[in-house]
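*Asks:* Following is a predicted model, sequence given first.
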Amino acid sequence: MPPASLEELEERLSRPTPAVIDLMRAMPGDIIVLGAAGKMGPSLTRMAKRASDEAGTKRRIIAVSRFSTAGSADEFQKHGIETIAVDLLAANAVAYLPHAPNVIYMAGMKFGSAGNEPMTWAMNAWLPGLVCERYHRSRIAAFSTGNVYGLVSVERGGSHEEDVLNPVGEYAMSCLGRERIFQHFSQMRGTPVSLIRLNYACDLRYGVLVDVAQKVWNGQPVDVRMGWFNTIWQGDANALSLLSLGKAQSPAWIVNLTGTATLSVREVAKRFGEIFGKPVQIEGKEAPDALLSNPYRSFVELGIPFIRDEELMEWVASWVSRGGESLGKPTHFESRDGRF
């Protein structure tokens with residue numbers, strides 16, 4: 001059954017899998033999450049806390065963010081998660097953060113990067129160096145993106161971790177810069193690192209499926225020029241990302257994180273039209289390439305996502321049709337020039 005309320009959605013997103021509980025039982029030390037107040041951070045951090053509690057492992061779970069939205073820190077604290085409100089780019093901010101043997105790096109900038117390229121590079125490529133200096137003795141799981149690959153033929157089945165990278169636009173280039181910084185410090189200092197190339201998480205309030213469903217529900221045309229995409233239920237993305245801490249190594253370990261299928265935007269729109277009983281307006285024509293990732297390594301090393309694409313589409317349709325809360329942050333997945 002799909003989540004019926006915001007409270008149930010948050011519970012589902014943060015519900016730890018048995019594998020995550022086992023990891024938290026076996027892995028010693030506190031966990032600090034940098035950039036924890038973004039779209040994915042709150043539920044991932046809460047999952048780490050819930051898994052630690054269920055494993056009977058006492059540790060500090062520390063969420064670090066600017067917490068610029070009123071009350072956002074309260075949501076962490078009510079679940080027993082410590083919070084530190086700080087601008088990570090402020091002078092010496094990272095240097096004064098508490099030590100933690102386990103670091104989850106989620107800080108970064110995507111939306112609003114077009115026209116604000118200097119800040120984008122500072123967040124995505126300079127800040128990682130500060131973090132690597134501060135936490136060179138820690139284990140780090142750092143979020144990246146499938147955008148670093150660039151566009152690939154749909155027939156190829158998605159980019160592999162060993163592929164030559166060809167980022168399009170300054171956002172994707174700055175994300176490659178982030179990866180290179182983590183890789184450099186991992187090699188130079190021996191810091192265990194895992195790099196998570198996520199592509200795209202969906203939590204019912206945002207995601208590519210939500211973007212398409214909202215357009216169909218509202219009678220708006222669906223742009224199919226970026227004709228295919230990957231997606232993964234955010235609860236699964238949270239679990240697999242936490243498990244990547246256990247795979248961190250030097251040199252850095254890289255993994256694509258996404259769902260089990262390559263989805264057609266056109267066919268997804270038609271499916272939502274069927275569920276909603278609404279006509280579908282299609283705009284444009286599919287290009288032969290798209291931003292796609294091959295998730296085989298993550299399936300073998302971390303596990304297969306529990307929630308499959310058809311079920312996730314049904315959940316999204318139910319949420320949108322009932323007027324469920326939206327974060328109002330479209331993914332801009334249709335962008336082919338790398339501008340966000």
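*Replies:* Great, that's in hand.
*Asks:* Apart from its neighbours in sequence, what residue is nearest Ala63?
*Replies:* Ala36 (3.7 Å; CB to CB, 6 or more residues apart in numbering). Heads up, the C-betas are built off the backbone N, CA and C, glycines and all.
*Asks:* shouldn't the one you found be in contact with Ser65?
*Replies:* Yes. Applying CB atoms under 8 Å as the test, Ala36 and Ser65 come out as touching, 4.9 Å apart.
*Asks:* Stretch 13-22: which residues count as buried?
*Replies:* Leu13, Ser14, Arg15, Pro16, Thr17, Ala19, Val20, Ile21 (16 or more other CB atoms under 10 Å).
*Asks:* Met1 and Thr231, how far apart?
*Replies:* Distance, Met1 to Thr231, using CB to CB, to the nearest Å: 20 Å.
*Asks:* Please say which of the two ends up with more neighbours.
*Replies:* Thr231 (27 against 7; other CB atoms under 10 Å).
*Asks:* Can you list the low-confidence ranges for the chain?
*Replies:* 111-113 (pLDDT under 70).
*Asks:* all helices of it, in order?
*Replies:* With helices called from DSSP state H, the chain shows them at 6-13, 18-26, 41-55, 72-77, 117-121, 127-134, 169-189, 208-217, 234-243, 265-276, 296-301, 309-321.
*Asks:* Figure out which of those is closest to Ser335.
*Replies:* helix 169-189 (8.1 Å; CB to CB).
*Asks:* can you give me how far that closest one is from the chain middle?
*Replies:* 17 Å (CA atoms, centre = their mean, to the nearest Å).
*Asks:* What residues sit buried inside that helix?
*Replies:* 169-179, 181-186.
*Asks:* quick one, what contacts the residue nearest to Ala63?
*Replies:* Ala36 makes contact with Pro42, Leu44, Thr45, Ala63, Val64, Ser65, Phe76, Met106, according to CB atoms under 8 Å, 6 or more residues apart in numbering.
*Asks:* for it, phi and psi?
*Replies:* Ala36 adopts backbone torsions of phi -80, psi -10, taken as degrees, to the nearest 10.
*Asks:* Return the residues in contact with the closest residue to Glu54 other than its chain neighbours.
*Replies:* Leaving aside its chain neighbours, Glu54 sits nearest to Ile21 (5.0 Å; criterion: CB to CB, 6+ apart). By CB under 8 Å, 6+ apart, the residues touching Ile21 are Ala51, Glu54, Ala55.
*Asks:* what separates the closest residue to Ser174 other than its chain neighbours from Arg297, distance-wise?
*Replies:* Excluding its sequence neighbours, the residue lying closest to Ser174 (CB to CB, 6+ apart) is Asn124, at 3.9 Å. As judged by CB to CB, Asn124 and Arg297 stand 23 Å apart.
*Asks:* Compare these two (neighbour count), which wins?
*Replies:* Asn124 (27 against 17).
*Asks:* how far away is that one from Ala317?
*Replies:* For Asn124, the distance to Ala317 - CB to CB - is 34 Å.
*Asks:* so which of the helices of the chain is the most packed in?
*Replies:* helix 234-243 (a mean of 26; mean count of other CB atoms under 10 Å).
*Asks:* centre of the chain versus that one, how much separation?
*Replies:* Worked out by CA atoms, centre = their mean, helix 234-243 lies 9 Å from the chain centre.
*Asks:* Now do that helix against helix 309-321, angle only.
*Replies:* 120 degrees (axes from the mean of the first three to the mean of the last three CA atoms, to 10 degrees).
*Asks:* Tell me which other helices or strands helix 234-243 touches.
*Replies:* helix 6-13, helix 18-26, helix 41-55, strand 139-145, strand 193-198, strand 201-202, strand 253-257 (3 or more CB pairs under 8 Å, 6 or more residues apart in numbering; DSSP states H and E).
*Asks:* give the contact list for Ile59.
*Replies:* Careful, residue 59 is Arg and not Ile. With CB under 8 Å, 6+ apart, Arg59 has these contacts: Met24, Pro28, Gly29, Asp30, Ile31, Ser52.
*Asks:* From Ala142, how far out is it?
*Replies:* Distance from Arg59 to Ala142, by CB to CB: 20 Å.
*Asks:* same check, this time on Thr260
*Replies:* 24 Å.
*Asks:* Of the two, give the one with the bigger neighbour count.
*Replies:* Ala142 (27 against 15).
*Asks:* Assess the claim that the more buried one and Tyr105 are in contact.
*Replies:* Yes. Using CB under 8 Å, Ala142 makes contact with Tyr105 at a distance of 4.0 Å.
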